[in-house]
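Peer 1: Next come a sequence and a model predicted from it.
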Amino acid sequence: MIRFFVFFIGLLALLFGLELTPWAQAWFVVPWTEALARVSAWLVTLFDSGVVAVGKVLRASSNGFAVSIEAGCNGVEATIVLIAAMLAFPAPWKHRIVGMAAGVVAGAQSAWWLWNVEAGVIIAGHVLAVLIAHGLAWRLHPQPSRAALSQLSLTLLMIAYTIFGLWLLATPTAA
């Protein structure tokens, strides 16, 4: 454990130091950020064909809205931590390489996956709540029409709550 920790900290210092050099910026950080912008633009064009990537900037051609992917928001630091941990971990080299490759690929779109998982959990939770409430209503009201009618207001409330939760999740925030 001590060997891993010392090796990990040493690799972090080395890789973070290398990241700051002009050579690493020109040959790694800038191409990485531009590739991230291109992949993000491709994903967004599945929903809005008017989005383009120019360098590290995502731009909507319809209204000119643009987002620039800046240092600290491009995943380079997280990738450095992942690579340092994988290299320091006492495992066969084959496993380390597979882990680094999978982590880099998954990390490039982790925000997209996180948003979709959160949206799925919101929807699934609200659907489950409605189903449980409806099951309880069937126990209280033997007539199907009365059971359905008793749940109308709850169903409408849960639909509104789901829409609000998804809207809140999609709302951009800034610190």
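Peer 2: Arrived safely, thanks for sending.

Peer 1: what helices or strands is the top helix by length along the chain leaning on?
Peer 2: Counting by DSSP state H, the longest helix found in the chain is helix 110-140. With contacts taken as 3 or more CB pairs under 8 Å, 6 or more residues apart in numbering; DSSP states H and E, helix 110-140 sits against helix 144-150, helix 152-170. In short, each C-beta sits where N, CA and C put it, glycine included.

Peer 1: Among these, show the one with the smallest mean pLDDT.
Peer 2: Mean pLDDT across the helices and strands packed on helix 110-140 is lowest at helix 152-170; the value there is a mean of 79.

Peer 1: helices and strands around it, which ones?
Peer 2: helix 110-140.

Peer 1: Please identify the buried residues of the least confident helix or strand in the chain by mean pLDDT?
Peer 2: Every helix and strand in the chain was compared by mean pLDDT, DSSP states H and E; the lowest is helix 110-140, with a mean of 76. Buried positions in helix 110-140, judged by neighbour count with 16 or more other CB atoms under 10 Å: 122, 126, 130, 137.

Peer 1: before we move on, what about stretch 24-42?
Peer 2: Those would be 29, 32-34, 36-38, 40-41, for stretch 24-42 by 16+ other CB under 10 Å.

Peer 1: Need the residues that contact it.
Peer 2: 18-19, 51-58, 69, 71, 74-76, 79, 108-109, 112 (CB atoms under 8 Å, 6 or more residues apart in numbering).

Peer 1: What subset of the residues you listed is buried?
Peer 2: Counted by 16+ other CB under 10 Å, the contacts of stretch 24-42 give 19, 51-53, 56, 58, 69, 74-76, 79, 108 as buried.

Peer 1: Quick one, which of those residues has the minimum pLDDT?
Peer 2: Across the set of the buried ones among the contacts of stretch 24-42, residue 108 stands lowest in pLDDT, at 58.

Peer 1: name the element residue 58 belongs to?
Peer 2: strand 57-60 (DSSP states H and E).

Peer 1: got it, and residue 52?
Peer 2: Using DSSP H and E, residue 52 sits within strand 51-54.

Peer 1: From the chain's centre, how far out is that strand? Work that out for me.
Peer 2: 20 Å (CA atoms, centre = their mean, to the nearest Å).

Peer 1: now stretch 44-58
Peer 2: In this view, stretch 44-58 has its centroid 17 Å away from the chain centroid, taken as CA atoms, centre = their mean.

Peer 1: Pull up the distance across it, start to finish.
Peer 2: 10 Å (CA to CA, to the nearest Å).

Peer 1: contact partners of it?
Peer 2: So stretch 44-58 is contacted by 30, 33-34, 36-38, 40-41, 59-62, 66-70, 74 (CB under 8 Å, 6+ apart).

Peer 1: Narrow those to those in strands?
Peer 2: Applying DSSP state E to those, the entries found in strands are 59-60, 66-68.
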